[in-house]
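Trainee: coords below, sequence missing:
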């Protein structure tokens, strides 16, 4: 279902989250396998003056693909997984300012975590069971994908 919000005469709609990967194809394959993200046929091989101006990077060259997130329509929102020819490979931490992690709700956190680990991801901290004041229960764990990006796995009952 596509929902668009309007404010005055302007439309707002969340479109994608971008991940810059050391190896875009390896990371694309990881998200397709572990989280069932699907290709929407939007592969990119971008360069040119417009991209240099947009990114502020001289001679920028980007390759990658958009993957539809599970549980949504077949075109948006997406994970946009790209690689630049030249990249800054410093890593972020869970408690840094800015975007810290992607969260996926799954049926079975333990099984998903095991599959994620087999595919090259890693676990951060411990798997926890939480109970909220309203009676809802959840299972949570933080992990990383095969390139170190932080992911939260969660299951609710």
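Mentor: Ah, there it is. What you are looking at is a predicted structure, and each value in this text was computed from that prediction instead of being measured. Numbers count the residues shown, from 1 in each chain.

Trainee: mind checking how far stretch 119-131 is from the chain centre?
Mentor: Put simply, stretch 119-131 sits 17 Å off its chain's centre (C-alpha atoms, centre = their mean, to the nearest Å).

Trainee: quick one: buried residues of it?
Mentor: residue 121 (16 or more other C-beta atoms under 10 Å). Any C-beta I mention is one placed from the backbone N, CA and C, and that applies to glycine too.

Trainee: what's the burial count for the residue lying closest to residue 37 once chain neighbours are set aside?
Mentor: Once flanking residues are discounted, residue 37 sits nearest to residue 67: 3.8 Å by C-beta to C-beta, 6 or more residues apart in numbering. Residues within reach of residue 67, counting by other C-beta atoms under 10 Å, total 23.

Trainee: check contacts around residue 67.
Mentor: Residue 67 sits next to 28, 31-32, 37-40, 78-79, 81 when contact means C-beta atoms under 8 Å, 6 or more residues apart in numbering.

Trainee: where does this structure dip in pLDDT?
Mentor: Filtered on pLDDT under 70, the chain yields the residue ranges 1-11, 89-97.

Trainee: helices along that one, start to end?
Mentor: In the chain, the segments counted as helices under DSSP state H are 24-35, 49-55, 109-118.

Trainee: which residues sit against the second one?
Mentor: In other words, helix 49-55. 57-62.

Trainee: likewise for the last one?
Mentor: The list of residues contacting helix 109-118 from outside it, by C-beta under 8 Å, 6+ apart, reads 33-34, 104, 106, 123, 127, 139-141, 143, 145, 151, 153-155.

Trainee: quick one: the strands in this protein, in order.
Mentor: Under the criterion DSSP state E, strands of the chain are mapped to 5-7, 10-12, 16-20, 38-47, 61-68, 78-84, 102-105, 122-131, 137-144, 150-156.
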